[in-house]
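**Q** can you look at this prediction? I've put the sequence above it.
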Amino acid sequence: MLDLIILSLHYFICFLISVAIWRGPKDVDLHSSSTGGAEMEPDGLVFIGKEEDIKKSQRITAKVDGREIVVFYHEGKFHALDSRCYHEGGPLCRGAIEDIDGQACIVCPWHKFKITLETGEGLYEGINPLEPSPTPKWQSKGVKQRIHKLTIDNGNIYVSPPDLSVSFDSDYFAEKYKHGGELAIGK
């Protein structure tokens with residue numbers, strides 16, 4: 001009976017932790033309008049934020065054509081990608097950035113999938129069983145996450161709307177969370 005009480009208490013605590021993570025700290029979203037998007041410039045670029053503000057916060061979320069994106073500032077470079085992981089839709093804006101074989105990667109907080117900031121490639125550690133003594137090596141799954149083109153002009157950061165004629169695995173979750181993203185990442 002004591003085991004059942006302890007197990008129930010364990011599940012209750014896990015539930016509370018998951019609710020706390022789900023609610024989480026608020027993300028920076030400086031530029032959402034009442035229509036849920038950032039400001040569109042005449043040349044089609046979407047204003048995301050001030051360069052200095054993003055440098056200070058290291059990351060910012062915004063919406064481009066209703067799609068959640070995250071912009072990271074890491075080691076002197078800006079990177080923009082869909083904010084939902086291609087694997088199961090985890091909030092990449094909450095992930096840690098790690099260096100893997102000289103590549104800056106965002107690590108999805110849900111299942112620890114690793115995605116390069118530069119190219120959107122999914123990385124995994126695998127072995128070649130045909131080698132005499134196989135050792136794990138980082139390998140690419142190919143480009144899985146949509147990367148967005150950034151433009152910096154007069155201290156302002158802009159993103160080009162995505163070219164949807166080419167599809168990526170992350171498109172599924174970008175579309176799925178288009179109208180409920182704030183709830184899903186605890187804004």
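**A** Structure's in. What do you need? Numbering: from 1, shown residues only.
**Q** per-residue confidence for residue 180?
**A** Listed pLDDT for residue 180 reads 66.
**Q** how about the one 4 residues further on?
**A** Predicted confidence (pLDDT) for residue 184: 46.
**Q** repeat for residue 126
**A** Listed pLDDT for residue 126 reads 93.
**Q** got it, and residue 42?
**A** For residue 42, the pLDDT comes out at 57.
**Q** pass me the low-pLDDT residue ranges in this structure, would you?
**A** Applying pLDDT under 70 to the chain flags the ranges 4, 7, 10-12, 14-42, 180-187.
**Q** and if we set it to 90?
**A** 1-44, 65-66, 128-134, 177-187 (pLDDT under 90).
**Q** ok, the spatially most central residue of the chain to residue 52 distance?
**A** Nearest residue to the geometric centre of the chain (C-alpha atoms, centre = their mean): residue 92, 2.6 Å. Distance check for residue 92 against residue 52: by C-beta to C-beta, to the nearest Å, it reads 23 Å. (Glycine included, C-beta is placed from N, CA and C.)
**Q** so what's the residue count around residue 87?
**A** 18 (other C-beta atoms under 10 Å).
**Q** do residue 77 as well
**A** The burial count assigned to residue 77 is 11, neighbours taken as other C-beta under 10 Å.
**Q** likewise residue 161?
**A** Residue 161: 14 surrounding residues under other C-beta under 10 Å.
**Q** which residue is the nearest non-sequential neighbour of it?
**A** residue 65 (5.3 Å; C-beta to C-beta, 6 or more residues apart in numbering).
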